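Colleague: Here's my sequence, what's the structure:
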Amino acid sequence: MIEHPQSPNSRLESLRARFNARAAGWWRISADRRQLIQIAFCAEATMPIEVASTFAENTRNVSLDAKDLGIVKAALTGRVAVSLLEELPADSGSGLWLRRFEASCSVAVPIVDDESCEIAVVSLALADRGDDAVVSRAIRETASSWHVAE
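Modeller: So this is what the prediction gives:
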């Protein structure tokens with residue numbers, strides 16, 4: 001199936017490819033501010049399909065009580081959350097998924113609307129850690145123009 005270049009998956013895949021990320025995800029914050037709802041997820045073509053599909057399924061709706069995930073930290077704090085593989089437990093949360101993705105870190109960025117209200121989180125799982133400020137700025141600049149209601 002050919003995706004429209006402005007579809008959520010196409011937008012996210014362009015960002016993932018720009019940083020050669022192992023995976024990328026985009027979630028909107030629910031109106032009641034109790035969960036993240038997945039808009040799109042994409043993974044590098046070499047990632048085992050069962051890893052990518054399991055993550056996508058498990059993160060369709062993420063409770064903001066799941067504080068062991070970088071995307072939740074970003075949503076709750078309103079700040080960029082950098083998760084480093086070597087600092088995380090192997091059996092849960094971001095540590096588990098970074099290992100399965102064969103990534104060394106993830107950068108999760110809260111996205112705000114025109115009224116400075118957090119409306120979404122976009123995250124990249126990177127094989128090699130780069131400059132967190134450069135990555136987070138690029139995510140914010142790119143994703144700020146995306147429409148969350150899609």
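Colleague: Flag the shaky bits of the chain, pLDDT-wise.
Modeller: 1-5, 148-150 (pLDDT under 70).
Colleague: for it, what spans make up the strands?
Modeller: 23-29, 35-43, 61-63, 81-84, 105-112, 118-126 (DSSP state E).
Colleague: So which bits of the fifth one are buried?
Modeller: Okay, so that is strand 105-112. C105, S106, V107, A108, V109, P110, I111 (16 or more other CB atoms under 10 Å). Backbone N, C-alpha and C define where each C-beta goes, glycine included.
Colleague: Would you mind measuring from the nearest residue to the first one once chain neighbours are set aside to R28?
Modeller: Right, the one you point to is C105. Spatial nearest neighbour of C105, excluding adjacent residues (CB to CB, 6 or more residues apart in numbering): R129 at 4.6 Å. Using CB to CB, to the nearest Å, R129 is found at 27 Å from R28.
Colleague: Helices of this structure, start to end?
Modeller: 8-18, 49-58, 70-77, 93-101, 132-143 (DSSP state H).
Colleague: Out of the ones you listed, which is closest to C117?
Modeller: helix 70-77 (11.9 Å; CB to CB).
Colleague: The residue nearest the centre of the chain pairs with what?
Modeller: The centre of the chain sits closest to S123, judged by CA atoms, centre = their mean, with a distance of 2.4 Å. Beta-bridge partners of S123, counted by DSSP bridges, are G25, A108.
Colleague: quick one on the thing from earlier: can you report how many residues lie near the residue nearest to C105?
Modeller: When neighbours are defined as other CB atoms under 10 Å, R129 has 15 of them.
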